[in-house]
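K.L.:
Quick one: sequence and predicted model below, then my questions.
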Amino acid sequence: MATPGDSRRLFKLVQEGRLRALQEELQAAGVCQELAGDTLLHCAARHGHRDILAYLVESWGMDIEAGNRDYKRPLHEAASMGHRDCVCYLLDRGASVDCLKKADWTPLMMACTRKNLEVIQDLVEHGANPLLKNKDGWNSFHIASREGDPLILQYLLTVCPDAWKTESKIRRTPLHTAAMHGCLEAVKVLLTRCQYEPDCKDNCGITPFMDAVQCGHIDIAKLLLKTHKACFSAEDSLGAQALHRAAITGQDEAIRFLVSDLGINVDVRAATTHLTALHYAAKEGHTSTIQTLLSLGADINAKDERNRSALHLAYAGQHLACAEFLLQSGLKDSEDVTGTLAQQLTKKADVLQGFNLT
């Protein structure tokens with residue numbers, strides 16, 4: 001039987017919300033212990049047990065500003081899990097509203113990872129600053145854009161109109177993030193209430209339209225084209241366009257949209273490498289995407305600036321199924337500028353055997 005005050009048992013009682021049993025244990029032990037850096041307050045806040053939270057603070061004088069190994073305080077825990085009653089209790093007891101955990105996350109940032117408007121409102125009304133940024137350069141509005149709740153975004157813009165004027169350390173905006181994660185309603189709010197440049201680029205040259213396309217969110221891509229006048233032929237830092245990025249991620253429906261609906265040349269080349277979408281799909285081993293591109297009229301014999309065909313990239317990536325499909329579709333092996341055949345790029349015996357059998 002566990003001795004009174006055993007830390008694992010105490011934490012289990014808190015987790016299960018068993019206040020009376022906890023009271024008896026603590027009275028017998030006469031001391032509160034930590035477990036792996038957490039205090040019982042962290043556990044109570046994390047699991048939403050306000051009664052236990054109040055008991056530990058008021059009867060045992062536990063410190064509401066105690067930090068665990070990640071520098072999380074009980075307010076971080078309550079906010080991140082959306083436990084409004086615990087959040088309000090801690091705030092009313094004077095908890096620091098903008099305290100920082102590891103990576104410089106505030107309780108408001110943690111709350112914005114949950115779609116709980118009331119908790120966010122409570123924190124803001126107690127002075128939380130929506131403009132603070134974490135170590136990656138994300139403020140609370142940016143984090144909320146990833147989750148995509150339009151009501152939360154509307155609220156943050158109302159209490160802090162400049163919250164949208166933010167970029168991460170790699171220059172990604174909330175519009176990039178919402179587009180990437182498929183948050184259509186959030187994108188609508190951002191386009192209505194914010195003033196992002198149509199083709200704002202991050203450090204890699206990616207635009208919100210590219211993000212939407214490469215993640216398969218065609219509805220958002222259409223909205224960005226119609227409402228935001230995005231450019232579908234914009235290039236990233238390597239000269240690749242949205243079509244190329246869709247080929248990299250294997251987004252076949254997005255490719256059909258770009259080629260069939262928008263009229264993009266299926267064989268358009270990346271500016272710096274002269275790679276086509278077919279090359280990119282082969283490099284990643286996306287056989288179905290290669291099928292899609294060929295059905296849309298892609299040139300199977302297209303070569304890049306080093307005279308490599310899609311077969312070279314398929315074999316270099318050790319993608320046997322992809323290489324076999326290209327060969328069966330009529331692509332012949334040929335030398336690149338160094339005189340290297342595609343089959344010479346394979347490192348796996350079974351891949352080479354597959355080539356010989358084909």
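P.N.:
Sure, I can see it.

K.L.:
quick check: domain ranges of the protein?
P.N.:
Structural domains annotated on the chain: 1-92, 127-231, 240-358, as defined by automatic domain parsing.

K.L.:
Show me the strands in the stretch 151-300 of the chain, by range?
P.N.:
Counting by DSSP state E, counting those that start in this stretch, the stretch 151-300 of the chain yields no residue ranges for strands.

K.L.:
so where's this structure shaky on pLDDT?
P.N.:
Within the chain, the stretches with pLDDT under 70 are 1-5, 31-36, 348-358.

K.L.:
what's the neighbour count on the residue lying closest to D304 once chain neighbours are set aside?
P.N.:
Nearest non-adjacent residue to D304, counting by C-beta to C-beta, 6 or more residues apart in numbering: H274, 4.6 Å away. All C-beta spots, glycine's among them, are computed from the backbone N, C-alpha and C. For H274, the tally of surrounding residues (other C-beta atoms under 10 Å) stands at 16.

K.L.:
Could you do the one 4 residues further on as well?
P.N.:
One way to gauge burial is a neighbour count; for L278, by other C-beta under 10 Å, it gives 26.

K.L.:
ok now do it, which residues does it touch?
P.N.:
Taking C-beta atoms under 8 Å, 6 or more residues apart in numbering, we find L278 in contact with A247, D267, I290, L293, L294, A298, D299, I300, A302, A310.

K.L.:
my guess is the first one meets I255, correct?
P.N.:
The reference is to A247. Yes: at 6.6 Å, A247 and I255 qualify as touching, with contact defined as C-beta atoms under 8 Å.

K.L.:
Common neighbours of the two, please.
P.N.:
Between them, A247 and I255 share these contacting residues under C-beta under 8 Å, 6+ apart: A277, T289, L293.

K.L.:
between those, which is nearest K222?
P.N.:
Nearest to K222 out of the shared contacts of A247 and I255 is A277 (C-beta to C-beta; 19.8 Å).

K.L.:
So what's the residue count around that closest one?
P.N.:
That count, for A277 with other C-beta under 10 Å as the rule, works out to 33.

K.L.:
Name the stretch from the domains of the chain that approaches L108 most closely.
P.N.:
Each of these was scored for nearness to L108 using C-beta to C-beta, and the closest is domain 127-231 (4.1 Å).

K.L.:
hmm, back to that, neighbour count winner among A247 and I255?
P.N.:
Under the neighbour definition other C-beta under 10 Å, A247 and I255 were set side by side, and A247 has more, 32 against 27.

K.L.:
Contacts only, for the more buried one.
P.N.:
Applying C-beta under 8 Å, 6+ apart, we find A247 in contact with I255, A277, L278, Y280, A281, E284, H286, T289, L293.

K.L.:
which secondary structure element contains Q27?
P.N.:
Using DSSP states H and E, Q27 maps to helix 19-29.

K.L.:
Buried residues, that helix. List them.
P.N.:
Burial within helix 19-29, assessed by neighbour count using 16 or more other C-beta atoms under 10 Å, is assigned to L19, L22, E25, L26, A29.

K.L.:
for that helix, packing partners?
P.N.:
If contacts are counted by 3 or more C-beta pairs under 8 Å, 6 or more residues apart in numbering; DSSP states H and E, helix 19-29 sits against helix 7-16, helix 50-60.

K.L.:
before we move on, the earlier item: next, format the domains of the chain as JSON lines and append distance to V119.
P.N.:
Conversion of the domains of the chain to JSON lines gives the following (distance: least, C-beta to C-beta, whole Å):
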{"stretch": "domain 1-92", "distance to V119": "5"}
{"stretch": "domain 127-231", "distance to V119": "10"}
{"stretch": "domain 240-358", "distance to V119": "34"}
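
K.L.:
quick one, what contacts H47?
P.N.:
Listed by C-beta under 8 Å, 6+ apart, the contact set of H47 reads V14, Q15, G17, M81, H83.

K.L.:
Reformat those as TSV; add distance to L238 and neighbour count.
P.N.:
As requested, those are exported to TSV (distance: C-beta to C-beta, whole Å; neighbours: other C-beta atoms under 10 Å):
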residue	distance to L238	neighbour count
V14	52	28
Q15	49	15
G17	54	15
M81	41	19
H83	45	24
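
K.L.:
need the helices for the stretch 51-200 of the chain, in chain order.
P.N.:
With helices called from DSSP state H, counting those that start in this stretch, the stretch 51-200 of the chain shows them at 74-81, 84-92, 107-111, 117-125, 140-147, 150-159, 174-180, 184-193.

K.L.:
nope, the stretch 201-350 of the chain is what I was after
P.N.:
For the stretch 201-350 of the chain, applying DSSP H, counting those that start in this stretch gives helices covering 208-214, 218-227, 242-249, 252-256, 277-284, 287-295, 310-316, 320-328, 349-357.

K.L.:
Same list (those helices) but as JSON lines, adding distance to C112.
P.N.:
What follows is these, written out as JSON lines (distance: least, C-beta to C-beta, whole Å):
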{"stretch": "helix 208-214", "distance to C112": "20"}
{"stretch": "helix 218-227", "distance to C112": "20"}
{"stretch": "helix 242-249", "distance to C112": "27"}
{"stretch": "helix 252-256", "distance to C112": "29"}
{"stretch": "helix 277-284", "distance to C112": "33"}
{"stretch": "helix 287-295", "distance to C112": "35"}
{"stretch": "helix 310-316", "distance to C112": "41"}
{"stretch": "helix 320-328", "distance to C112": "41"}
{"stretch": "helix 349-357", "distance to C112": "47"}
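
K.L.:
Nearest to S233, out of those helices?
P.N.:
Proximity of the helices of the stretch 201-350 of the chain to S233 was assessed by C-beta to C-beta; the nearest stretch is helix 242-249, lying at 7.8 Å.
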